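1. no sequence for this one, just the structure:
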């Protein structure tokens, strides 16, 4: 019986490792796919979030993920950007991108999960 329980624990640990590795790889791929010429949209969204939430210092926070790879120029778009926070928190910022490429701030929340990615 003890051997069976030990094997179940090993199987569960391996499954959790696989899920964590797959999620990290997916996040890295999303960031890697982000076109360099569209990065200013993420930075503009960051600046607007800083202006609207001066108590949250996003200036030095690293981008964890964004849905920018889904953006198509000339289309209206809801831009979601997740910044790594302190400990296990994420700063999730939502901006609107007009068909002309103008960025406006919509909202910001802080939570235990990023707003995009897995």
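-> Looks like it came in fine. Fair warning: this is a prediction, and the values are worked out from it, not measured in the lab.
2. what residues sit buried inside the host helix or strand of residue 82?
-> Residue 82 belongs to strand 77-84 when assigned by DSSP states H and E. Buried residues in strand 77-84, counted by 16 or more other CB atoms under 10 Å: 77, 79, 80, 81, 82, 83. From N, CA and C alone the C-beta is placed, and that goes for glycine too.
3. direction included, what does that strand pair against?
-> strand 63-66 (antiparallel), strand 90-97 (antiparallel) (DSSP bridges).
4. as JSON lines, the ones you listed with distance to residue 40, mean pLDDT and mean neighbour count would be great.
-> Below are the strands paired with strand 77-84 laid out as JSON lines (distance: least, CB to CB, whole Å; pLDDT from 0 to 100; neighbours: other CB atoms under 10 Å):
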{"stretch": "strand 63-66", "distance to residue 40": "13", "mean pLDDT": "90", "mean neighbour count": "22"}
{"stretch": "strand 90-97", "distance to residue 40": "11", "mean pLDDT": "94", "mean neighbour count": "22"}
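5. of all the ones you listed, which one is nearest residue 52?
-> strand 90-97 (9.3 Å; CB to CB).
6. start to end distance for stretch 61-80?
-> 15 Å (CA to CA, to the nearest Å).
7. with stretch 98-105 instead?
-> End residues of stretch 98-105 are separated by 11 Å (CA to CA).
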